[in-house]
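[1] Show me how the following folds:
(chains A, B, C and D)
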2 protein chains.
Amino acid sequence: MNTLHHQMDRSEQLLFLTDDQLRQGIELMFFAYRGFTADPDLILENYAYGRAHHRAIHFINRKPGLTVNALLDILGVTKQSLNRVLRQLVSDGLVDSRIGQQDRRQRNLFLTEAGITLERELSEAQRKRMRKAYSSAGVEAVQGFRTVLEHMIDPNLREKVLNLPGES
Amino acid sequence: MNTLHHQMDRSEQLLFLTDDQLRQGIELMFFAYRGFTADPDLILENYAYGRAHHRAIHFINRKPGLTVNALLDILGVTKQSLNRVLRQLVSDGLVDSRIGQQDRRQRNLFLTEAGITLERELSEAQRKRMRKAYSSAGVEAVQGFRTVLEHMIDPNLREKVLNLPGES
DNA sequence: TTGAAAAGTCAACAAGACTGACATAAATTG
DNA sequence: CAATTTATGTCAGTCTTGTTGACTTTTCAA
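    Purely as a prediction, here's the structure:
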């Protein structure tokens, strides 16, 4: 019902999106995501950590001092789930949890020196793969990649997530 | 050490890839993958199935009659892990496991009518999101998206996986 | 015939999600 | 000020999906 192109809006007609082309995109996402997580996963094994730890470390590094609730919001997991990971990271000395200045109920999360070191090791590996993919694909491809991914994010989260920029 | 661009090859110099741009790509992958799996996940809940079931169903539909070993190879999990899922799907009447014609040790996997129905429901949802993203992004963006993702796949798997085309 | 391969199974374990219930401290509101 | 809400943390139990290791059956191939 897609191949005879009634019912398609203008942009879809321009693209001629067959189910087969869409399926290729779907599989590409599946296999690429596996590649995307492969390098950090290997590193994390040496520390007996998992992806959950990586994600926490990434976003704490990304927005130093963010609160637990803010992190929960970004990660989209329950506080019990995050807490397990966070407790480990704090007791292992990778994350520092400081009582909030304005609101003493809140906890502001920071990476310690050790935390920053691990974050760097993980993100170096991930950037290396991303850099290779970007380089092989070329400038225009990169822009296209970003645009499609942005549109794949849930509309509710899109704004929140794309406006995350903190540091640089 | 990336910002002062020594040590970069030609294509990287052309792209001017800062760590910050790469980090944006990384986060885009994270959030987009979440969107990518969100719709099927909702559907699967109604059947008390998970992503593992979805993946099996997807690739059995993709290459009807493929063997257990071939599926293991694609999915990259242990046979014990796959077997648990497969056993459910077979006993629930979604997958048919037939003794191999040439080699009777093998099992050829097929979707039943019910399996095809569920596959369609799942892939419709996923294609819908993919179609929207593609349409909003435009033709050139789609090509770029595909190119970058292809390069993000593990080099070992890349060939194997991109040459999967079976049906259409 | 002997050994290897394909598939299946049992058992135990771990990570990382979930729900539900409850506790504490601090802020906010009436 | 008292009552309520918010932010965080924790305990306990469950589920899915992955893992290792050991073992069996059937079948093919040398």
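[2] quick one: the strands in chain A?
    A:66-67, A:95-99, A:107-111 (DSSP state E).
[3] List the strands paired with the second one, with their directions.
    If I follow you right, that is strand A:95-99. strand A:107-111 (antiparallel) (DSSP bridges).
[4] ok, how many other residues are close to A:V68?
    Using other C-beta atoms under 10 Å in any protein chain shown, the number of residues around A:V68 comes to 16. All C-beta spots, glycine's among them, are computed from the backbone N, C-alpha and C.
[5] which helix is the longest one in chain A?
    Across chain A, the longest stretch assigned as helix under DSSP state H is helix A:19-45.
[6] Next, the angle from that helix to helix B:19-45.
    Relative orientation of helix A:19-45 and helix B:19-45, computed by axes from the mean of the first three to the mean of the last three C-alpha atoms, to 10 degrees: 110 degrees.
[7] Point me to the residue of chain A nearest DNA strand D.
    Here the residue of chain A nearest DNA strand D is A:N69; by C-beta to the nearest atom of the strand that distance is 2.9 Å.
[8] if we can go back for a sec, just say which of the strands of chain A is most tucked in.
    Highest mean neighbour count among these (mean count of other C-beta atoms under 10 Å in any protein chain shown): strand A:107-111, with a mean of 20.
[9] closest to A:M152 out of the strands of chain A?
    Taking C-beta to C-beta, strand A:66-67 is the member of the strands of chain A nearest to A:M152, at 24.6 Å.
[10] That closest one - which strands sit beside it in the sheet, and in what orientation?
    Applying DSSP bridges, strand A:66-67 is found paired with strand A:107-111 (antiparallel).
[11] Report the backbone C-alpha coordinates of the strand it pairs with in CSV.
    Provided in CSV are the C-alpha atoms of strand A:107-111 (Å, rounded to 0.1, in the frame of the first residue of the first chain):
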residue,chain,number,x,y,z
ARG,A,107,22.2,16.5,45.6
ASN,A,108,24.6,18.0,43.0
LEU,A,109,26.6,15.4,41.2
PHE,A,110,30.2,15.8,40.1
LEU,A,111,32.9,13.6,38.7
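[12] Any part of it near DNA strand C?
    No. With C-beta under 7 Å from any atom of the strand as the criterion, DNA strand C is not reached by strand A:107-111; the gap is at least 10.7 Å.
[13] Averaged over its residues, which helix or strand of chain A has the lowest pLDDT?
    Averaged element by element with mean pLDDT, DSSP states H and E, chain A has its least confident helix or strand at helix A:10-15 (a mean of 62).
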